[in-house]
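In: Give me a model of this one.
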Amino acid sequence: MSLAWYISAEREVEGLDMFVNGKAIAHVPETRMNAVFKALGVTHLMEYFGADPDEMSDMFGEFDDQANDAPSYPDEEWFSAADGLVSVRALADYLRKNPGTFERQEGVLEDLVEYERVLSVLSKNNVRWHLAIDI
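Out: Here you go, the predicted model:
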């Protein structure tokens, strides 16, 4: 499966390459990720998840058509990039100090470095963000 977590910005920032890989971190088992964020006492990255309701409808339209009542999707949420940086930096710091916490940990750290790069620029430009999922 080509699952990936990527960053979506509320608006473009000139010169910012938004590409992040996000595949290694997306494949960390949820229970392991939850335990680490709980121990760190910072917001879990998935708490920053958001999606455009129209995109959700397009993605799940085939399933919606089979349901009697079409679901409604929540409004798209945006978050402070500075808040996201706290979680990204805390997780990256923890993983550097605790090798072997996750399988493919080097890949997870690479993803976090990319997230930090993007979120730093978004924060400096007061642009909000959310985490999105590519399936």
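
In: After the helix or strand bottoming out on mean pLDDT in the chain, which helix or strand is next?
Out: Ranking every helix and strand in the chain by mean pLDDT, DSSP states H and E puts helix 53-66 at the bottom, with a mean of 58. Next in sequence after helix 53-66, counting helices and strands by DSSP states H and E, comes helix 81-97.

In: Give the buried residues for that following helix.
Out: Neighbour-count burial for helix 81-97 flags 81, 83, 84, 85, 87, 88, 89, 90, 91, 92, 95 (criterion: 16 or more other Cβ atoms under 10 Å). C-beta coordinates here come from the backbone N, C-alpha and C atoms, glycine included.

In: Rebuild the residues you listed as a markdown table, extending it with pLDDT.
Out: What follows is the buried residues of helix 81-97, written out as a markdown table (pLDDT from 0 to 100):
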| residue | pLDDT |
| --- | --- |
| 81 | 99 |
| 83 | 98 |
| 84 | 98 |
| 85 | 99 |
| 87 | 99 |
| 88 | 99 |
| 89 | 99 |
| 90 | 99 |
| 91 | 99 |
| 92 | 99 |
| 95 | 98 |
